[in-house]
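Colleague: What follows is a predicted structure for the sequence shown.
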There are 2 protein chains.
Amino acid sequence: MAVYQMGNHTHAIPMSLFRENREKLCTELRRNERLDNKAVVLLQGGESMNLYDTDVEYVFRQESYFTYLFGVTEPGCFGLVDISTGNSLLFVPRLPADYAVWMGPLLTLDDFKKKYETHFVYYVDELDTIISQKSPSIILTMSGPNTDSGLVTKPAYFKGIEKYVVDSDILFPVIAECRVIKSPAEIEILRYVAKISSDAHKRVMKIMRPGLYEYQAEAEFLSYSYSVGGCRHMSYTCICGAGTNSAILHYGHAASPNDKCIKEGEMCLFDMGANYGGYTSDITCSFPANGRFTDDQKLIYNAVLAARDAVCNSAKEGVSWVDMHLLANRVMLGELKNGGLLIGDIEDMMNAGVNAIFQPHGLGHFLGLDVHDVGGYLPDQPARSTQPGVNRLRTARTLKAGMYITIEPGCYFIEPLLNAAFANPEQSKYLVKNVIDRFRNFGGVRIEDDVLITKDGIENFTLVPRTVDEIEKWMKKD
Amino acid sequence: MAVYQMGNHTHAIPMSLFRENREKLCTELRRNERLDNKAVVLLQGGESMNLYDTDVEYVFRQESYFTYLFGVTEPGCFGLVDISTGNSLLFVPRLPADYAVWMGPLLTLDDFKKKYETHFVYYVDELDTIISQKSPSIILTMSGPNTDSGLVTKPAYFKGIEKYVVDSDILFPVIAECRVIKSPAEIEILRYVAKISSDAHKRVMKIMRPGLYEYQAEAEFLSYSYSVGGCRHMSYTCICGAGTNSAILHYGHAASPNDKCIKEGEMCLFDMGANYGGYTSDITCSFPANGRFTDDQKLIYNAVLAARDAVCNSAKEGVSWVDMHLLANRVMLGELKNGGLLIGDIEDMMNAGVNAIFQPHGLGHFLGLDVHDVGGYLPDQPARSTQPGVNRLRTARTLKAGMYITIEPGCYFIEPLLNAAFANPEQSKYLVKNVIDRFRNFGGVRIEDDVLITKDGIENFTLVPRTVDEIEKWMKKD
């Protein structure tokens, strides 16, 4: 049985997982009456990419749909699936002989067949010949919008494709929907990478102390994930904000590169997730740099934790994700009110958009082969809301067993949002200025878990200290 | 004084370095009689890049020429230099207000001026207006071949540039030549990043033992470089080959991802270099996984070390790099002959190309803002050789003080090259088959130092154990 694995201490991804994905797709496509038994699916894998005009290449990462169907880690490939038989054909680049000198062993077609367990393997330069022998009635390529980036998936292309009947619309929603419900084998990878990321977060918490730089937390996380978990890539750029940086939602990129010295008394908000075999994790831990919560830190932390607990206790198949978002907001505003930051009726505050001042982002998003996974706003599903905060949700769907999603409520003190709220009489009437002013340099708290939706609840794959007591105990220096 | 720095334990790169680079370029361009005092240089910085159609972005890395002149770490900028006055104008993107919520503080134009110490700062959408006010006689943009990748540098472009006189040929060879000779401030960064990489290599050697996976060495190197050195990026993908993988020259990419378990008795060849502020290092250490050389390992290692020592003792201003390459090859073949792997006259072997069987790559390359730095084959310099091995050199120039270059002789037992040599009577007559066969699964050895060329020799910035004794002593478990 062929597997992807980074050594025997890491998870073995069986190639049968990708065969099962292909079979699932074919089953769905066979329902389409426009497709006869000569229809095929053609996907193009990613290409290697250079850093500008130099000969330095980025470490290749495969395109997610291509991984989903074929699990191939090399650049420059194509994959074809015969919808009626489920047969799979992998096309690999024909490499020059001196590849063996510079890049590694030259795999034969048979080597690739054994490695990926596709039914057939050919060279990319044989695409036209092999496809013309199959004389397909239609070639389904893929084009469709990514509703998180606004970008459009690039359909497969090879010279000569013009002479076939090609459709680039049918495939996209079907394969995206296939990816939304995770298979048992996929769930085991997701469980593994969430465990590795959880342990890496715990390791970071153990070494944390004021005086470290934010990126030293990132370095520790990267190192643990790779060395112990075999995770060469992250699912996204590490967000390691301390102090006021913890209120910058996508902190950590090149213009704000986790380069601050962490100070005594500050909160840390570390949002980091490793990637294994293309599958993602996305976990946020928030904790005081010195390992001991102040009363104010406890107040905000517990407000977010209460929101998280409420959702964890309510999410299950059949529940609307929008309702979960609003539940989290409501519970958190209630806690902030109890803490003296807000006054007034919670429903009135919600109607006035006070929830989106403190949590401008959505409650959570699908994850899988992408960290913001596909399928959030497919044609037959509820459309994006226009309500503040809710409009940031990456899906408005009703939950189904097998969906994998983050639950990540947060509470942040973001200067421009607070200033706008205080200037808006519809919102400022709920805000207790002298109390909120105490938190102006607080930053923020986010608690983010990766959970599997089941028929009657959730299974939480995130295994980190979560309560104030658990965190203080874990971080206590001996 | 504004600096780039990743915390006070790391090197401070003064922004004056980039001003000096601009001044050096202007001095050179002022010699050009085709340019009057209204000529300007315009460079375009790099853009952020998404992973396929997703909203995951690669951590932004600035384009090297743009770094050279401006030291700017944000994407989406342009920079203009007024050749006659040396005045610099930085153009930055106009960001939306909610950038502050998601990405970090919104810097004002004045913030950017303080951060980068350019004379003026404007928004990118003001490019046409500001440039038209200057009414330049000519705008020099940059286009030219990268002789390592074969790719061409992309000239700056903005909407409206068509109405100016634009030349994209003059600038390239001048700025590339400027980059070849390192300034004192650049030398200090290069010294710093070579020291960090040296220490990271030493750390890897300390933890090495059979049973580790190759990528665990990579993880350790990355972690040390980032955590201690503030180096978020590598200068190239880490090459961590053990056993026969050490003979794969560019091992470590996604299709051969450093995923082998390192076995007792194997040699490790680890070629890794951190990057700080855009400036590169490129260091290779070769050593036995268990810390103790066998006689055969000593033989090959000392053959390469003798070649490296010969070059280190001979390289200086005025010496031809091609001669250094041939010197290294000659010394190494002599050692292999003494070891019983070869018979016959060394010069005859060289003429027959036996050197390129065991070292198919060049002796070394410039490094600076690129790991294979620019200026190797500029128009006025010696052209690339056609001789085996020598044709792989990334420059054939005569050395000058201030050049920074790798010295990296190697000896590899590469199956397809050995098989071809044994099948070629012009080469096989020098090969002692029964001895060489003993090394068929040896892999290879490379010793790579980063050295500054001076008037009368070199300064070696690489500080790692190099002799057999030094390595065995360093790796000895207490």
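Modeller: Looks like it arrived, so ask away. Numbering: from 1, shown residues only, chains lettered A, B, ... in the order given.

Colleague: Can you name the helix or strand that the most far-flung residue of chain A relative to its centre falls in?
Modeller: Distance from the C-alpha centroid of chain A peaks at residue A:133, with 39.7 Å (C-alpha atoms, centre = their mean). Assigned by DSSP states H and E, residue A:133 belongs to helix A:127-134.

Colleague: For that helix, list every residue counted as buried.
Modeller: Buried positions in helix A:127-134, judged by neighbour count with 16 or more other C-beta atoms under 10 Å in any protein chain shown: A:127, A:131. Just so you know, the C-beta spots here come from the backbone N, C-alpha and C atoms, and that holds for glycine as well.

Colleague: now stretch A:283-302
Modeller: In terms of neighbour count (16+ other C-beta under 10 Å), stretch A:283-302 has its buried residues at A:283-291, A:293, A:297-302.

Colleague: And residue A:117, its phi and psi?
Modeller: Phi and psi for residue A:117, reported as degrees, to the nearest 10, are phi 50, psi 40.

Colleague: Please disregard the earlier target; I meant residue A:84.
Modeller: The phi/psi pair for residue A:84 (degrees, to the nearest 10) reads phi -70, psi -40.

Colleague: hang on, it packs against residue A:32?
Modeller: No. Checked against C-beta atoms under 8 Å, the pair residue A:84 and residue A:32 is beyond contact range at 11.9 Å.

Colleague: Find me the pLDDT at residue A:105, would you?
Modeller: According to the prediction, residue A:105 has pLDDT 87.

Colleague: cool, residue A:306 as well?
Modeller: 98.

Colleague: Also residue A:389?
Modeller: Per-residue pLDDT puts residue A:389 at 89.

Colleague: Next: residue A:187.
Modeller: With respect to pLDDT, residue A:187 has a value of 98.

Colleague: Output the helix or strand of chain A with the lowest mean pLDDT as CSV, restricted to C-alpha atoms.
Modeller: Least confident element among the helices and strands of chain A, by mean pLDDT, DSSP states H and E: helix A:99-102 (a mean of 90). Extracted in CSV, the C-alpha atoms of helix A:99-102 (Å, rounded to 0.1, in the frame of the first residue of the first chain):
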residue,chain,number,x,y,z
TYR,A,99,17.8,15.6,-13.7
ALA,A,100,19.3,12.6,-11.9
VAL,A,101,22.6,14.5,-11.3
TRP,A,102,21.0,17.7,-10.0
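
Colleague: Would you mark the buried spots in that helix?
Modeller: For helix A:99-102, using 16+ other C-beta under 10 Å, the buried residues are A:99, A:100, A:101.

Colleague: Can you tell me the closest non-neighbouring residue to the first one?
Modeller: When you say that, I think you mean residue A:99. In this structure, residue A:99 finds its nearest non-sequential neighbour in residue A:106, 5.6 Å apart by C-beta to C-beta, 6 or more residues apart in numbering or on different chains.

Colleague: Relative to chain B, how far out is the residue most central in space within chain A?
Modeller: Residue closest to the mean C-alpha point of chain A, counted by C-alpha atoms, centre = their mean, is residue A:371 at 1.4 Å. Per C-beta to the nearest C-beta, to the nearest Å, residue A:371 is found 6 Å from chain B.

Colleague: for chain A, what are the low-confidence residue spans?
Modeller: Nowhere does chain A drop to pLDDT under 70.

Colleague: now do 90
Modeller: A:97-98, A:100-101, A:104-105, A:388-389, A:477-478 (pLDDT under 90).

Colleague: What residue spans form the domains of it?
Modeller: A:3-180, A:184-475 (the TED database).

Colleague: Does the lengthiest helix in chain A reach chain B?
Modeller: In chain A, taking DSSP state H as the definition, the longest helix is helix A:184-207. No. On the criterion C-beta under 8 Å from any C-beta of the partner chain, helix A:184-207 is out of touch with chain B, staying 9.9 Å away.

Colleague: Check the offset of that helix from the chain's centre.
Modeller: Relative to its parent chain, helix A:184-207 has a centroid offset of 13 Å by C-alpha atoms, centre = their mean, to the nearest Å.

Colleague: For the helix or strand following it, which helices and strands make contact with it?
Modeller: Next along the chain after helix A:184-207, taking DSSP H and E as the criterion, comes helix A:214-227. If contacts are counted by 3 or more C-beta pairs under 8 Å, 6 or more residues apart in numbering or on different chains; DSSP states H and E, helix A:214-227 sits against helix A:184-207, strand A:239-242, strand A:267-272, strand A:274-276, helix B:214-227.

Colleague: Nearest approach to residue B:185 belongs to which of the ones you listed?
Modeller: Nearest to residue B:185 among the helices and strands packed on helix A:214-227 is helix B:214-227 (21.3 Å), distances taken as C-beta to C-beta.

Colleague: quick one: that closest one to strand B:267-272, angle?
Modeller: 30 degrees (axes from the mean of the first three to the mean of the last three C-alpha atoms, to 10 degrees).

Colleague: Just want the angle from helix B:214-227 to helix B:184-207.
Modeller: Going by the same axes, to 10 degrees, helix B:214-227 makes 140 degrees with helix B:184-207.

Colleague: Run me through the strand neighbours of whatever helix or strand comes next after helix B:214-227, direction for each.
Modeller: Sequence order places strand B:233-234 as the next helix or strand after helix B:214-227, per DSSP H and E. Strand B:233-234 has its sheet partners listed here by DSSP bridges as strand B:274-276 (antiparallel).

Colleague: Quick check: residue A:350 vs residue B:401, distance?
Modeller: 71 Å (C-beta to C-beta, to the nearest Å).

Colleague: typo on my end, it should be residue A:181
Modeller: Taking C-beta to C-beta, one finds residue A:181 at 65 Å from residue B:401.

Colleague: Touching, residue A:94 and residue A:125? I think so.
Modeller: Yes. With contact defined as C-beta under 8 Å, residue A:94 counts as touching residue A:125 (5.7 Å).

Colleague: what sits against residue A:459?
Modeller: A:451, A:452 (C-beta atoms under 8 Å, 6 or more residues apart in numbering or on different chains).

Colleague: and if we set it to 6 Å?
Modeller: residue A:452 (C-beta atoms under 6 Å, 6 or more residues apart in numbering or on different chains).

Colleague: Please identify the helix or strand for it.
Modeller: Per DSSP H and E: strand A:457-460 holds residue A:459.

Colleague: mind listing what that strand pairs with, with the direction of each?
Modeller: Short version: by DSSP bridges, strand A:457-460 pairs with strand A:449-454 (antiparallel).

Colleague: And the partner strand, how far out from the chain middle?
Modeller: Worked out by C-alpha atoms, centre = their mean, strand A:449-454 lies 13 Å from the chain centre.

Colleague: these two touch, right, residue A:255 and residue B:76?
Modeller: No. Residue A:255 is beyond contact range of residue B:76, at 9.8 Å (criterion: C-beta atoms under 6 Å).

Colleague: Return every residue with contacts to both of those two.
Modeller: Counting by C-beta under 6 Å, 6+ apart, no residue touches both residue A:255 and residue B:76.

Colleague: what comes up buried for the strand holding residue A:459?
Modeller: Buried-residue list, strand A:457-460, by 16+ other C-beta under 10 Å: A:457, A:458.

Colleague: next structured bit after it?
Modeller: Next along from strand A:457-460, by DSSP H and E: helix A:468-475.
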